[in-house]
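# Pasting a predicted model and its sequence here:
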Amino acid sequence: MNETMQTILTRRSIRAFKPDMLPRETIDAIIEAGLYAPSGMNTQNTVIIAITDKETRDRLSRDNAAVMGSDRDPFYGAPVVLVVLAEKGRRTYIHDGALVMGNLMLAAHALGVGSCWIHRAAETFAMPHWQEFLASLGLTGDYEGIGNCVLGYADCDLPAPPARKEGRVYYAD
């Protein structure tokens, strides 16, 4: 089996992370893979916010948990959060952002880094203080949070793949 197929078939969501920070080169390589995701008509309308500052990461975690109605860390201790946002004026913005998230997680796995897609980015980045945060980074426009890709070294065994459900493929020969 080729390496790409092996990566796709063995990637799993990780829900326990070591606190160790990833090297910047590793984060940058994962981000680059996300930037190469396809987008509708090649608009490249997504942005990635790399959050490696622990205080900012913890604030985002608390707000994400509050949206969920919890006080637990929804980022499972991961030290890095890559927030994917997409420009809402594009018809394909949600699809484009989802493709970026997929590329990020596959690239992370290929580099020996655990990842997990955490929802509620739309809700958290609609909050005024997170809108101010985006503006402080120089991001202007009408962006919606698509997902939080948490990254780190796994503090658990790689979960076994669940069996694939039957009856999900139809051919129109």
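Good, I have the coordinates.

# Now do the helices in the chain.
3-10, 24-35, 54-68, 93-110, 121-124, 128-136 (DSSP state H).

# Please state the backbone phi and psi of residue 161?
When read as degrees, to the nearest 10, the backbone of residue 161 gives phi -70, psi 130.

# Can you give me the distance of the residue nearest the centre of the chain to residue 142?
Taking CA atoms, centre = their mean, the centroid of the chain lies closest to residue 149, which sits 2.1 Å from it. Separation of residue 149 from residue 142 (CB to CB, to the nearest Å) stands at 22 Å. C-beta here means a position set from N, CA and C on the backbone, and glycine is covered the same way.

# returning to what we had before: closest one to residue 166 among the helices of the chain?
Of all the helices of the chain, it is helix 3-10 that lies closest to residue 166, at 17.5 Å by CB to CB.

# how about stretch 45-60: buried residues?
Judged by neighbour count (16 or more other CB atoms under 10 Å), stretch 45-60 contains these buried residues: 45-51, 57, 59-60.

# Those: which two are farthest apart?
Maximum pairwise distance in these, criterion CB to CB, is 26.3 Å, between 45 and 59.

# From the chain's centre, how far out is the lengthiest strand in the chain? Work that out for me.
Determined from DSSP state E, the single longest strand within the chain is strand 143-152. The chain centre lies 4 Å from the centre of strand 143-152; the measure is CA atoms, centre = their mean, to the nearest Å.

# neighbours of residue 138, just the number please.
Neighbour count for residue 138, taken as other CB atoms under 10 Å: 6.

# Residue 36: what's it in contact with?
By CB atoms under 8 Å, 6 or more residues apart in numbering, the contact list for residue 36 reads residue 103.

# The one 5 residues further on now?
Residues counted as contacts of residue 41 (CB under 8 Å, 6+ apart) are residue 92.

# Residue 156 is in contact with residue 12, isn't it?
No. Counting by CB atoms under 8 Å, residue 156 sits too far from residue 12 to count as a contact (10.0 Å).

# quick one, which of the two is more surrounded?
A count of neighbours by other CB under 10 Å puts residue 12 above the other of residue 156 and residue 12, at 17 against 12.

# which one is that one nearest to, not counting chain neighbours?
Of all residues not flanking residue 12 in the chain, residue 159 sits nearest, at 4.7 Å (CB to CB, 6 or more residues apart in numbering).

# wouldn't the one you found be in contact with residue 16 here?
No. Contact between residue 159 and residue 16 fails when scored by CB under 8 Å: they sit 10.3 Å apart.
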